[in-house]
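> below are the sequence and a predicted model for it; my questions follow.
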Amino acid sequence: MYWGRDTLDTDRGSDELVRQVESIAATAGAAAQRETVTEILATGVLDPVLAPTTNLAHPSETFCDALTAIARHSVELAEAVQVQALCANTIRRHATASLWSELGPGMREGRSLAVSCLSERNSGSDLSAVELSAVREGDTYRLNGHKNWVAHAVAASELIVYARTRDAGIGGITAFVVPANAPGVEVSEPSAHLQGIAIPVSSIGFRDVAVPADRILGRRDRGGLVTDILSTQGRLGLAACAIGVGTAALERALRFAKSHRRFGQPIIEYQSVGFTLADMATGLRAAQQLLSHACATFDRDPAGATLVCAQAKLFATDTAARVTGEAVEILGASAYLPGERVEMWMRQAKLLQTLQGTNRIQRLTIAARLDAAVAAHRGE
Ligand SMILES: Cc1cc2nc3c(=O)[nH]c(=O)nc-3n(C[C@H](O)[C@H](O)[C@H](O)COP(=O)(O)OP(=O)(O)OC[C@H]3O[C@@H](n4cnc5c(N)ncnc54)[C@H](O)[C@@H]3O)c2cc1C
């Protein structure tokens, strides 16, 4: 494997899992079809995330390797698997035991998909600005409002919805698990103008949607705490997707540079092209090492991994954006030919910088922990 890590073979079954999901993704091609997502989930790819007590020595890294392998063929497919992992893990950690036992098996095997509904017209980076309201009526809450930018919503059967239950900024947000077929939920068709990035995104209307109180995740008014998985495991997953798409772009650019001739020789023989490819490969290797370290930190101490998960997401997605951009430049006009995917990868890599906390937000997270960052650098 290009991005391969040395420890992979020490995990019983993990290398086989990665090969299995990669072969499904390679056969399926680019489209994140519902059936392909289900087929991948049916391999048990979420087990390292959902059952970290499995006998794997490196559960998070195993899952990230699987995502990277999928993203090398289809970043949209990897992103769909990543969203499912994020949502399933959020429900596992924060739902009641009975709700998890009702939803968990279907989510794990891919029979039901869940999505995360956080963004609104006035709330993207800033969760405290959520306006969608949830008003208590006995044992039920009534949800009213709108969510935007919900990826894969058309295929979802459960929605994790962040709603306002009290007028107190971040201290008044509650997270609910809402069945997508509940009366009053209206999921729009995916935005046509976003087809260029191949991730289906919908807006969702909530009109008087009744949700039982036992579908609250965590505690009422404490929805901000439920986003912990998004800030750690979610960021690891996005970094893994970025390394996959970056690797695809590097492989494509390398093939092209070896075969494309100008001024009488393959362009890879020009030092500026060769050096560019060298920098691309080095950046990806460094991103992989940082991700590997972040995964190990998360497996050891999830609550203490926020800093390094933000660093891994920031570095891997910035690297992927640079690497895919360089790949487009190496292909020249050929990057824009029909059927050539490198230009699409550039747009997707750019998108990964925005998802799950823009990279400016990652920098805010890191800046707030600079003492810890310096201590980590000293090996303390
Ligand atoms: C394809 C796609 C799929 C998506 N999927 C989902 C999904 O499934 N669920 C979901 O809930 N959302 C989803 N989103 C939304 C995504 O999470 C948001 O776009 C992202 O959180 C940024 O929010 P925003 O676009 O509103 O940007 P804003 O928050 O408006 O930010 C605009 C700019 O200001 C910067 N900025 C904001 N605040 C600060 C600050 N304090 N300091 C410095 N800079 C700041 C940002 O970094 C950014 O550069 C998706 C978006 C896309 C495009």
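Yep, it's here.

> strands of the stretch 1-150 of the chain, start to end?
114-117, 133-137, 140-151 (DSSP state E, counting those that start in this stretch).

> deepest-packed of those, please.
strand 114-117 (a mean of 26; mean count of other C-beta atoms under 10 Å). The way it works is simple: take the backbone N, C-alpha and C, and place the C-beta from them, glycine included.

> which elements pack onto that strand?
helix 75-94, strand 140-151, strand 158-164 (3 or more C-beta pairs under 8 Å, 6 or more residues apart in numbering; DSSP states H and E).

> now name the helix or strand holding Val178.
strand 173-179 (DSSP states H and E).

> how far does that strand sit from the chain's center?
20 Å (C-alpha atoms, centre = their mean, to the nearest Å).

> dihedrals phi and psi, the residue of the stretch 101-250 of the chain found nearest the ligand?
Closest to the ligand within the stretch 101-250 of the chain is Gly124: 1.8 Å, counting by C-beta to the nearest ligand atom. Torsion angles at Gly124 (phi, psi; degrees, to the nearest 10) stand at phi -120, psi -80.

> what sits against it?
For Gly124, the contact set (C-beta atoms under 8 Å, 6 or more residues apart in numbering) comprises Trp149.

> could the helices and strands packed on strand 114-117 go into CSV alongside distance to the ligand and mean pLDDT?
Shown next, in CSV, are the helices and strands packed on strand 114-117 (distance: least, C-beta to the nearest ligand atom, whole Å; pLDDT from 0 to 100):
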stretch, distance to the ligand, mean pLDDT
helix 75-94, 6, 95
strand 140-151, 4, 97
strand 158-164, 8, 98
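
> Serialize the strands of the stretch 1-150 of the chain to a markdown table and add fields for distance to Met280.
Output for the strands of the stretch 1-150 of the chain, formatted as a markdown table (distance: least, C-beta to C-beta, whole Å):
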| stretch | distance to Met280 |
| --- | --- |
| strand 114-117 | 31 |
| strand 133-137 | 47 |
| strand 140-151 | 27 |
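
> nearest to Arg222, out of those?
Closest of these to Arg222 is strand 133-137, at 13.3 Å (criterion: C-beta to C-beta).

> what does that closest one contact?
So strand 133-137 is contacted by 141-145, 163-165, 174, 176, 211, 213 (C-beta under 8 Å, 6+ apart).

> His94 contacts Arg219, doesn't it?
No. Counting by C-beta atoms under 8 Å, His94 sits too far from Arg219 to count as a contact (9.0 Å).

> up against the ligand, what does the stretch 251-380 of the chain have?
351, 354-355, 358, 360-361, 364 (C-beta under 6 Å from any ligand atom).

> rerun at 5 Å
358, 360 (C-beta under 5 Å from any ligand atom).

> show me where the stretch 251-380 of the chain dips below the pLDDT cut-off.
Along the stretch 251-380 of the chain, the model assigns pLDDT under 70 to no residue.

> and the strands in it, which stretches?
Going by DSSP E, counting those that start in this stretch, the stretch 251-380 of the chain shows strands at 261-262, 265-266.

> rewinding a little: and the strand holding Val178, what's buried?
173-179 (16 or more other C-beta atoms under 10 Å).

> paired strands for the helix or strand just after it, with orientation please.
Remark: after strand 173-179, the chain's next helix or strand is strand 185-187, criterion DSSP H and E. Paired with strand 185-187 in the same sheet, following DSSP bridges, are strand 201-212 (antiparallel).

> any idea of the mean pLDDT for whichever helix or strand comes after the strand it pairs with?
Of the helices and strands lying after strand 201-212 in sequence (DSSP H and E), the nearest is strand 216-217. Throughout strand 216-217, pLDDT has a mean value of 98.

> burial of Ala286, as a residue count?
13 (other C-beta atoms under 10 Å).

> what residues does it make contact with?
Contacts of Ala286 by C-beta under 8 Å, 6+ apart are 315, 319.

> can you add pLDDT and give the buried residues of strand 173-179 back as CSV?
Shown next, in CSV, are these (pLDDT from 0 to 100):
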residue, pLDDT
Ile173, 97
Thr174, 98
Ala175, 98
Phe176, 98
Val177, 98
Val178, 98
Pro179, 98
